[in-house]
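# I need the structure of the sequence given here:
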Amino acid sequence: MGIVSPVGNDIPSFWNNLVNGVSGIDFIHSLEHNDTPVKVAGEVKDFDPEKDGVASAFSRRNDRFSIFALAAANQAMKGNELNLDPSRFGVYVGSGIGGFDTNLRESKKLFDEGAKWVSPLMIPSMISNMAAGNIAIAHNAQGVCLPIVTACATGTHSIGEAYRAIKHGYADAILSGGSEAAINELALAGFCNSKALSKAEDPKLASLPFDKRRQGFVIAEGAGILLLEEYEHAKARHATIYAEICGYGNTCDAFHVTAPRSDGSTAARAISIALEEAHYTSDDVLYINAHGTGTPLNDSSETLAIKLALGEEEARKAHISSTKSMTGHLLGATGAVEIIASVLALRDGTVPPTIGLDDPDPECDLNYTPKKAEKANLTIAISESLGFGGHNACVALRKVE
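Predicted coordinates for the structure are as follows:
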């Protein structure tokens with residue numbers, strides 16, 4: 001696995017900070033001009049792509065979302081000699097928006113200086129499939145290559161579809177996940193004016209999933225990449241196996257471009273499909289990494305979805321948390337980052353907390369692991385993501401004994 005995130009740019013740092021409730025949300029430092037009321041974000045800090053084998057020449061020619069993605073992919077591949085036919089090695093890495101910084105920068109050039117000053121690298125830097133393409137080039141992955149774009153569900157759908165591709169014999173191994181770098185003036189203006197973002201002035205009070213005081217999500221950036229591999233192939237090369245992907249649900253609200261279906265029914269069906277495929281029973285100890293954005297509509301409808309999928313009694317037994325309380329919302333990367341958190345929760349038997357949950361919303365009345373991590377003998381985990389456009393995705397994982 002590989003990670004670039006607001007709470008750490010390698011797996012040990014990322015996990016240590018999550019378990020200890022360390023927030024990566026702070027005042028925005030990267031923008032010279034920001035006339036929106038949104039002043040906080042989850043920015044990546046102290047990132048040196050060359051440490052992860054990303055050449056400076058690549059960084060000069062590519063958007064940050066591609067740089068993040070390649071750095072995380074290189075981490076995931078470190079020490080892994082797959083020894084397979086390149087045509088059996090694939091890449092499923094998506095981005096919700098793609099090269100937003102590139103688009104904004106080159107648009108300014110067009111309007112201020114004229115068409116001849118627009119970079120010839122604009123298109124290959126901007127288009128959202130380029131993270132997948134660049135990873136495939138770097139690692140000679142000549143097989144299936146599918147960049148998925150489903151807004152905030154992108155990373156989860158990418159991993160779910162990669163799981164199916166391996167399960168049904170189209171590949172032996174796939175690098176999969178998501179990447180996003182969209183903290184800029186235009187993104188803030190657009191999300192802010194659609195009333196999606198938190199306008200909190202205190203970073204500690206900005207991302208408050210399932211809390212009565214929540215007022216919107218906190219935009220963040222980064223990448224999460226996992227190396228998925230067919231079990232017998234992984235076993236034969238003595239790979240370190242962190243978890244088994246064992247279920248995937250994919251549904252659509254077919255309701256509204258931004259608002260979730262209020263009764264949670266279609267999100268519940270994605271959860272149910274994933275758990276049924278994973279052979280979940282009441283004997284399992286379940287961790288749910290919730291979408292948990294901190295928006296008023298999401299958190300209440302997601303609570304309903306969990307209850308619908310599991311039943312009231314089982315829902316109350318589940319260990320649930322929103323790691324967005326610490327990372328913010330990484331848009332197209334968030335699902336992959338949260339699946340990594342779910343894998344590590346299974347590995348260590350530790351449920352990361354939902355920090356800042358001081359005043360729970362009565363409509364969000366499940367065990368959302370407030371403030372502090374908890375130990376639990378977890379056997380199964382699910383990570384769910386719900387994207388603009390009504391996209392619902394859920395991936396189930398089992399602990400490997």
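# care to break this structure down by domain?
Split into domains by automatic domain parsing, the chain comes to 2-236, 243-399.
# export those domains to CSV and tack on mean pLDDT and mean neighbour count?
Where C-beta positions appear, they are placed from N, C-alpha and C, glycine not excepted. Formatted as CSV, those follow (pLDDT from 0 to 100; neighbours: other C-beta atoms under 10 Å):
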stretch, mean pLDDT, mean neighbour count
domain 2-236, 97, 21
domain 243-399, 97, 22
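# Pull the contacting residues for the residue nearest to residue 159 when sequence neighbours are not counted.
Spatial nearest neighbour of residue 159, excluding adjacent residues (C-beta to C-beta, 6 or more residues apart in numbering): residue 176 at 4.8 Å. With contact taken as C-beta atoms under 8 Å, 6 or more residues apart in numbering, residue 176 is in contact with 91-93, 158-159, 162, 225-228, 336.
# same question, residue 6
With the criterion set at C-beta under 8 Å, 6+ apart, residue 6 makes contact with 24-25, 42-45, 220-222, 326-328.
# run the last query once more with 10 Å
14, 17, 22-26, 41-45, 218, 220-222, 326-328, 330, 337 (C-beta atoms under 10 Å, 6 or more residues apart in numbering).
# Could you double-check that residue 102 sits in contact with residue 124?
Yes - using C-beta atoms under 10 Å as the test, residue 102 is close enough to residue 124 to be in contact (9.5 Å).
# how close does the residue nearest to residue 159 sit to residue 327?
Distance of residue 176 to residue 327, computed by C-beta to C-beta, to the nearest Å: 19 Å.
# before we move on, what about residue 204?
14 Å.
# just residue 215 next, same as before
18 Å.
# Regarding the residue nearest to residue 159, what is its secondary structure?
strand (DSSP: H, G, I helix; E, B strand; the rest coil).
# what's across from it in the sheet?
When bridges are called by DSSP bridges, residue 176 pairs up with residue 92, residue 226.
# Who are the contact partners of residue 11?
Counting by C-beta under 10 Å, 6+ apart, residue 11 makes contact with 1-3, 72, 75-76, 224, 242, 340, 343-344.
# Kindly recompute the last result at 8 Å.
Here residue 11 is in contact with 1-3, 75, 340, 344 (criterion: C-beta under 8 Å, 6+ apart).
# Check those and tell me the two furthest apart.
Spanning the widest gap among the contacts of residue 11 are 75 and 344, at 14.1 Å by C-beta to C-beta.
# just the helices in the stretch 201-350 of the chain please.
Here the stretch 201-350 of the chain has its helices, by DSSP state H, counting those that start in this stretch, at 231-236, 265-277, 296-310, 312-317, 324-327, 334-348.
# Any figure for the gap between residue 198 and residue 312?
Taking C-beta to C-beta, one finds residue 198 at 30 Å from residue 312.
# ok, now how distant is the residue most central in space within the chain from residue 296?
Nearest residue to the geometric centre of the chain (C-alpha atoms, centre = their mean): residue 334, 1.8 Å. To residue 296, residue 334 is 19 Å away according to C-beta to C-beta.
# cool, residue 88 as well?
On the measure of C-beta to C-beta, residue 88 and residue 296 end up 46 Å apart.
# for residue 354, same thing?
16 Å.
# can you give me the helices for the stretch 1-150 of the chain?
11-19, 56-61, 64-77, 100-113, 122-126, 130-139.
# closest one to residue 192 among those helices?
helix 100-113 (14.8 Å).
# The closest one to helix 130-139, inter-axis angle?
120 degrees (axes from the mean of the first three to the mean of the last three C-alpha atoms, to 10 degrees).
# Turn the contacts of residue 11 into JSON lines, columns for distance to residue 190.
Below are the contacts of residue 11 laid out as JSON lines (distance: C-beta to C-beta, whole Å):
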{"residue": "1", "distance to residue 190": "31"}
{"residue": "2", "distance to residue 190": "29"}
{"residue": "3", "distance to residue 190": "27"}
{"residue": "75", "distance to residue 190": "31"}
{"residue": "340", "distance to residue 190": "28"}
{"residue": "344", "distance to residue 190": "33"}
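# Nearest to residue 108, out of those: which one, please.
For the contacts of residue 11, the minimum distance to residue 108 (C-beta to C-beta) is 31.3 Å, reached by residue 3.
# Now for the closest one: which residues touch it?
9-11, 14, 72, 75, 222-225, 337, 340.
# what do you get for residue 340?
Here residue 340 is in contact with 1, 3, 11, 14, 224, 226 (criterion: C-beta under 8 Å, 6+ apart).
# which two in those residues are spaced the farthest apart?
14 and 226 (13.0 Å).
# okay but residue 368 is in contact with residue 214, surely?
No - the pair residue 368 / residue 214 is not scored as a contact, 11.9 Å apart, by C-beta atoms under 8 Å.
# Report the spatially nearest residue to residue 84, omitting neighbours in sequence.
residue 172 (5.2 Å).
# for the one you found, what are its contacts?
Applying C-beta under 8 Å, 6+ apart, the residues contacting residue 172 are 82, 84-85, 88-89, 166, 229-230, 233.
# try 6 Å this time
By C-beta atoms under 6 Å, 6 or more residues apart in numbering, residue 172 lies in contact with 84, 88, 230, 233.
# Sounds good, over and out.
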